[in-house]
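> Need the 3D shape of this:
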Amino acid sequence: MTSSAFQSLILPFRQKLYCFAFRLLGNEEDAKDVVQDAFIRVWNNREKMPELQSLEAWCMRITRNVALDRLKSRKYRITDDLDRAGEVPSVHQTPHQHAEKSDMMRRVHAAIARLPEKYRTVLQLRDMDGLSYQEISDMLEIGLAEVKINLHRARKTVREQLQNLQVYGIQ
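Residues are numbered from 1 along each chain as shown. This next block holds a predicted model:
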């Protein structure tokens, strides 16, 4: 593979890989580093590309592995940046509405952060990145049924945590 082919085939995934790494790590600089390391790994393994069904899924899997390695090696903790990542201020909201929405988003992100890694990853890939079940299955190297089960369990756990918080005030 030539560098121009790499630029045309792989570099368009940069933003998606960055967003994925950012959600896993919760830090801008670390997410940029992870994407850079992932691109290096992709380049070093470019001879495998003709065998692949989905280059995007392969790149996402490499990014995930690099991010998880970073989490494990540094005992990394998700920061408040994750809570702010999904918030987009609206000009049509009153301060009270904005505060309620921000509080709810903080609770949702906290509930997602408490999920086991396999549930959190599937939930993020499906509901935040919009990947298909098959793409997630290929990326994580798990069966399609396991993807659906993990997604169902993740959604159910988040829903129960939010309901418990609403009804009982407990997390």
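> got the domain boundaries for this protein?
1-79, 93-171 (automatic domain parsing).
> Kindly reformat these as JSON lines containing mean neighbour count and mean pLDDT.
Every residue, glycine included, has its C-beta placed from N, CA and C. Below are the domains of the chain laid out as JSON lines (neighbours: other C-beta atoms under 10 Å; pLDDT from 0 to 100):
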{"stretch": "domain 1-79", "mean neighbour count": "16", "mean pLDDT": "83"}
{"stretch": "domain 93-171", "mean neighbour count": "15", "mean pLDDT": "86"}
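> Now do the same contact list for residue 32.
For residue 32, the contact set (C-beta atoms under 8 Å, 6 or more residues apart in numbering) comprises 18, 21.
> If we use 6 Å, what do you get?
Listed by C-beta atoms under 6 Å, 6 or more residues apart in numbering, residue 32 has no contact partners.
> Would you check how far apart it and residue 14 are?
With distances taken as C-beta to C-beta, to the nearest Å, residue 32 is found 10 Å from residue 14.
> if you count residues, which helix in the protein comes out on top?
helix 144-168 (DSSP state H).
> elements contacting that one?
helix 117-123, helix 133-140 (3 or more C-beta pairs under 6 Å, 6 or more residues apart in numbering; DSSP states H and E).
> relative to helix 133-140, how tilted is it?
Per axes from the mean of the first three to the mean of the last three C-alpha atoms, to 10 degrees, the angle that helix 144-168 makes with helix 133-140 is 100 degrees.
> if we can go back for a sec, between the helices and strands packed on helix 144-168, which gets nearest to residue 56?
The closest approach between residue 56 and any of these, judged by C-beta to C-beta, belongs to helix 133-140 at 7.4 Å.
> Quick one, which of the helices and strands packed on helix 144-168 gets closest to residue 36.
With C-beta to C-beta as the criterion, residue 36 lies closest to helix 133-140 of these, at 19.5 Å.
> Which strands and helices lie in contact with that closest one?
Counting contacts by 3+ C-beta pairs under 6 Å, 6+ apart, helix 133-140 is packed against helix 55-74, helix 144-168.
> Would you enumerate the residues in contact with the most centrally placed residue in the chain?
Residue closest to the average C-alpha location in the chain (C-alpha atoms, centre = their mean): residue 20, at 3.9 Å. Counting by C-beta under 6 Å, 6+ apart, residue 20 touches residue 63.
> Next, it: phi, psi?
According to degrees, to the nearest 10, the main-chain angles of residue 20 amount to phi -60, psi -50.
> and the end-to-end length of stretch 108-123?
12 Å (C-alpha to C-alpha, to the nearest Å).
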